[in-house]
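**Student:** Pasting a predicted model and its sequence here:
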Amino acid sequence: MKNKTRLLLTLALAASFFVTKAQTKPLGIPDLKWLEGTWTMKVKNGTISEEWKYVNDSTMTQKAFFTTNDGSKMPQETIELVSRNKEMFYISTVSGQNDGKAIPFKIISLTATGFISENPTHDYPQRITYTLLSPGKLLASIEGNRNGSFSKKEFPMTKE
């Protein structure tokens, strides 16, 4: 009986070691494939849309649009989520801002259901977060200091 107990404990410890090793695999772009597709948010004057595309294991792209209630579609922003040299970045190019230059935000936290990216030197925002709340429900937010005061905007989105 003692030998069976020892054997079971040894097997259980070995199994937990392998499970722990498997779970510590670093996350990356493939873990954010749930972002792929079109996400929308209705606002007073129209709809904000983000169209995400999985490109490969190191890149996802996004195009954001504002569509007015009368159907006019205006580009707002393009995003690249990239993994380079064991670091990940959220790179934003906003129409009519920053002289058309892309602004990188380093991804400082990544889970299977979202990420937090930061650029403390950017005027506003300094932090951008995406969180999958449930299948088909996403909460994006931007935050930081703006003109000496903390500001945060949330964008609850639904997948089409």
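**Tutor:** Here it is on my side, so go on. Numbers count the residues shown, from 1 in each chain.

**Student:** what about the helix or strand containing residue 130, distance to the chain center?
**Tutor:** Secondary-structure assignment from DSSP states H and E places residue 130 in strand 127-134. In this view, strand 127-134 has its centroid 6 Å away from the chain centroid, taken as C-alpha atoms, centre = their mean, to the nearest Å.

**Student:** which residues does residue 49 bridge with?
**Tutor:** In this structure, residue 49 has beta-bridge partners residue 40, residue 65, where bridges are defined by DSSP bridges.

**Student:** what residues are up against it?
**Tutor:** For residue 49, the contacting residues are 38-40, 64-67, taking C-beta atoms under 8 Å, 6 or more residues apart in numbering as the criterion. The C-beta positions use only the backbone N, C-alpha and C, and glycine is treated the same way.

**Student:** any idea how far residue 97 is from the spatially closest residue to residue 83 that is not a sequence neighbour?
**Tutor:** Leaving aside its chain neighbours, residue 83 sits nearest to residue 58 (4.5 Å; criterion: C-beta to C-beta, 6 or more residues apart in numbering). With distances defined as C-beta to C-beta, to the nearest Å, the gap from residue 58 to residue 97 amounts to 26 Å.

**Student:** Then residue 69?
**Tutor:** Using C-beta to C-beta, we find residue 69 at a distance of 24 Å from residue 97.

**Student:** likewise residue 85?
**Tutor:** The value you get for residue 85 to residue 97, if C-beta to C-beta is used, is 27 Å.
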